[in-house]
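Q: make a model of this:
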Amino acid sequence: MQAAELFEQKIKPPEVARRLRVSLKSAYPWHQLWRDDGLEALASRGPSGSRCRLSPRCLEKLAEYLEQGPTAYGWVEDQVWTAARVATLIGRKFHVSYSVSGATRLMHRLGFSPQVPARRVAERDEQAVTAWKEATWAEKG
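A: Residues are numbered from 1 along each chain as shown. As a prediction, this is how the structure comes out:
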């Protein structure tokens with residue numbers, strides 16, 4: 001709506017872009033819309049993109065599930081919520097299919113960040129690894 005007010009004051013698109021800190025690629029189409037259809041043409045149509053497939057109540061439940069940690073849902077290797085695990089959890093609990101990238105966006109929306117698990121065996125013996133490295137490198141050195 002600020003752009004429409006500026007256009008009404010006969011301010012040109014480049015100046016509108018500068019004042020509103022947007023690109024010229026945005027300001028020129030806005031000006032055209034305003035000229036053709038007036039103020040209402042510039043009214044917000046809400047957020048773009050697809051609608052969330054989980055209800056607000058389901059989102060609350062998902063946040064609760066995430067708070068409990070992955071071990072509560074069978075991932076015992078580590079305490080890391082990956083986007084793939086969250087997508088699987090959503091499918092199991094809500095019977096809704098989410099892609100890994102969609103699960104990532106959903107996690108961010110709920111205040112979580114997906115983590116990448118370390119590619120290590122849970123039973124890794126650090127002393128044996130250290131001894132092997134020392135022995136192997138000593139032979140080669």
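
Q: now the chain, which segments are flagged as low pLDDT?
A: For the chain, the stretches with pLDDT under 70 are 117-122, 137-141.

Q: domain parsing for it?
A: 3-43, 56-110 (the TED database).

Q: just give me how far the shortest one sits from the chain centre.
A: Read it as domain 3-43. On the basis of CA atoms, centre = their mean, to the nearest Å, domain 3-43 sits 30 Å off its chain's mean C-alpha point.

Q: gap between the two ends of that domain?
A: 10 Å (CA to CA, to the nearest Å).

Q: need the contact list for the most centrally placed residue in the chain.
A: The centroid of the chain falls nearest to residue 105 when counting by CA atoms, centre = their mean (2.6 Å). By CB atoms under 8 Å, 6 or more residues apart in numbering, the contact list for residue 105 is empty. Every C-beta, even on glycine, is put in place using the N, C-alpha and C of the backbone.

Q: ok so, going back, could you dump the domains of the chain into a markdown table with distance to residue 135 added?
A: Shown next, in a markdown table, are the domains of the chain (distance: least, CB to CB, whole Å):
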| stretch | distance to residue 135 |
| --- | --- |
| domain 3-43 | 61 |
| domain 56-110 | 29 |
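
Q: so which of the ones you listed is nearest residue 125?
A: domain 56-110 (16.3 Å; CB to CB).

Q: now that closest one, how far from the chain's geometric center?
A: 13 Å.

Q: now do the same end-to-end measure for it.
A: End residues of domain 56-110 are separated by 11 Å (CA to CA).

Q: and the helices in the chain?
A: Using DSSP state H, the helices of the chain run over residues 2-8, 13-20, 24-37, 56-68, 83-94, 100-109, 126-140.

Q: quick one: which of those helices is nearest residue 49?
A: Of all the helices of the chain, helix 100-109 comes closest under CB to CB, at 9.0 Å.
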